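Student: Just the structure for this:
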Amino acid sequence: MFIKIKFTIPVIVLLLIITNTTAQTIQLLNSGTKASIRGLSVVSDKVVWISGSEGTVGKSTDGGVSWKIMQVKGFEKADFRDIEAFDGKTAILMAIAEPAYILRTTDGGVTWQTVYENKTKGMFLDAMEFWNEQSGIVIGDPIDNKVFIARTFDGGKKWQELPPQNYPVADSGEAFFASSGTNVRKLSKQEALFISGGTRSRLFIRDTKTDLPIVQGKATTGANSIAVKNSKTFIIVGGDFNAKEDTTKNCCITNDGGKTFTTPATSPHGYRSCVEYINKFTWISCGLTGVDISYDEGKNWNWMSKESFHVCRKAKKGKAVFFAGSGGRIGKLID
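Tutor: I've put the predicted structure just below:
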C-alpha cells in the first residue's frame, strides 16, 4: 500500500535547508605549522596561500593535501595578517606594524622583495584587496583621525600613498580590525568599500559614510568583515571579540548598496571575524565559536561547525572554500 504525501512549498523549502545543512562539513587539514593564521588567498581549487604570525607563509598546490611552510628571512617576528596571491609563484604579503611592510615574491616564496615600508608612529595596516593582478589597495588604522590608504597599479611592485587631504576622516576611537584581511573589498572594477569598528562602526563608500546596525561603542566591538555579492548586496559581520558567544548585533545585510540595512532572523552564533559570498543565495561566516552558513541570503544562519577559524575564503577561479585560524588550523568545505 502506498501513501501519497503532499508537501506545501514552505515544507519543501525547510527540507532543502535541512538537507543543505547536513550535507556540508569542514575537513581539517594538516598544515604543518602552529602559527596563528589570518591571511588566506585561495587562487584556485588547487593553489592556496596562507600567512600569519612569526613571519609564517604557507602554500599548497594540491588543494590542501600537502603544505610548504616557510618563514620569511629577516621577518621572523612579523605578523603577516593578509596575503594576496595570483598563482603558485606570485604573492603579496602584508605585515601590520612596527614597522609596516609589504613584501612580494615571484618565485613561490623562496625569496621576498620589500616593496613598501612605513615607520610612521601609529602605523598599522589592516587589509589588502586587489581588483585584478595589477590594481590593489591597502588600508590602515587612522592616524590623526585620517584613514591610511595606499594603492598599487603594477601588481604590487610599487605602492603610492593617497595625498593626506584625500584620506577619509574617522571619528575618535574609530578604527579597523586586522582580523581576516576582509574589511576592504572591491565594489566595482574601479571602486572599493570598507568598514570600521571600535567606538563607531560605519560603511565607507566613496564620500558616503553610513552607520551600521552592528554592536559598537568599545575598542573591541564593531564590524570586522564585509563580503560583496554585487553592487547592491553586501553582508557585514562582527561583534565583540571579548564576548565571543554574544550574538547581539553581529551581522547586517543590505540589498540596496548600503542605503538601508536589515538584521538576520537567526544570527551567526557569536562574534564573527570573516564572511564570504559562496554562490546564488549561499554565504559563509567564521569566528572564534565556529562556522555558520546561510542558504537564504543571510536571513538565517546555521551553525555547521564549532571549530574556531579567523578567516574563510572562496577560490577566485574555482569552487573550493578554505578556512584558517589559530594554531595553524586549516579547514576545507566538503560537500
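
Student: Please make it C-alpha for all contacts and neighbour counts, starting now.
Tutor: Fine.

Student: Could you report the neighbour count for the residue nearest to residue 136 when sequence neighbours are not counted?
Tutor: Nearest in space to residue 136, with sequence neighbours left out and distances taken as CA to CA, 6 or more residues apart in numbering, is residue 130 at 3.9 Å. For residue 130, the count of nearby residues is 22 (other CA atoms under 10 Å).

Student: any idea how far the nearest residue to residue 111 once chain neighbours are set aside is from residue 311?
Tutor: Nearest non-adjacent residue to residue 111, counting by CA to CA, 6+ apart: residue 105, 6.1 Å away. Applying CA to CA, to the nearest Å, the value for residue 105 to residue 311 is 22 Å.

Student: Looking at those two, which is more packed in?
Tutor: For the pair residue 105 and residue 311, the greater number of neighbours falls to residue 311 (28 against 20), based on other CA under 10 Å.

Student: Tell me what that one is bridged to.
Tutor: residue 324 (DSSP bridges).

Student: unless I'm mixing things up, it is touching residue 180, no?
Tutor: Yes: with contact defined as CA atoms under 8 Å, residue 311 reaches residue 180; the gap is 5.0 Å.

Student: what is in contact with the two at once?
Tutor: Counting by CA atoms under 8 Å, 6 or more residues apart in numbering, the contacts common to residue 311 and residue 180 are 38-40, 273-274.

Student: Widest-spaced pair of the residues you listed?
Tutor: Using CA to CA, the pair of the shared contacts of residue 311 and residue 180 lying farthest apart is 40 and 273, separated by 13.0 Å.

Student: overlap in contacts of these two?
Tutor: Common neighbours of residue 40 and residue 273, using CA under 8 Å, 6+ apart, are 180, 311.

Student: what's the closest of the shared contacts of residue 311 and residue 180 to residue 150?
Tutor: Set against residue 150, the nearest of these by CA to CA is residue 39 (18.7 Å).

Student: can you pull the contacts of the residue nearest to residue 111?
Tutor: Contact analysis of residue 105 by CA under 8 Å, 6+ apart lists 89-92, 111-113.

Student: Out of those, which is nearest to residue 152?
Tutor: Using CA to CA, the contacts of residue 105 come closest to residue 152 at residue 92, 11.3 Å.

Student: Check the secondary structure at the closest one for me.
Tutor: Three-state call for residue 92 (DSSP: H, G, I helix; E, B strand; the rest coil): strand.

Student: Measure how buried it is and give me the count.
Tutor: By other CA under 10 Å, the residues close to residue 92 number 24.

Student: Was I right to think it contacts residue 104?
Tutor: Yes: the criterion here is CA under 8 Å, and residue 92 meets it with residue 104 at 4.6 Å.

Student: got any residues that touch both of the two?
Tutor: What both residue 92 and residue 104 touch, as defined by CA under 8 Å, 6+ apart, is the set residue 156.

Student: tell me how far stretch 255-268 is from the chain's mean position?
Tutor: The chain centre lies 18 Å from the centre of stretch 255-268; the measure is CA atoms, centre = their mean, to the nearest Å.

Student: Kindly report the same for stretch 184-192.
Tutor: Centroid displacement of stretch 184-192 relative to its chain, using CA atoms, centre = their mean, is 14 Å.

Student: buried set for it?
Tutor: Along stretch 184-192, these residues count as buried under the neighbour rule (16 or more other CA atoms under 10 Å): 184-187, 192.

Student: what does it contact?
Tutor: With CA under 8 Å, 6+ apart as the test, stretch 184-192 has contacts from 127-131, 139, 193-195, 205-206, 225-228, 230-231.

Student: So what's the residue count around the closest residue to residue 60 other than its chain neighbours?
Tutor: Distance criterion CA to CA, 6+ apart; nearest residue to residue 60, sequence neighbours excluded, is residue 67 at 4.7 Å. Residues lying near residue 67 (other CA under 10 Å) number 20.

Student: List the buried residues for stretch 221-241?
Tutor: Neighbour counts over stretch 221-241 (16+ other CA under 10 Å) mark 221-229, 234-241 as buried.

Student: Before I go, just wanted to say thanks for your time.
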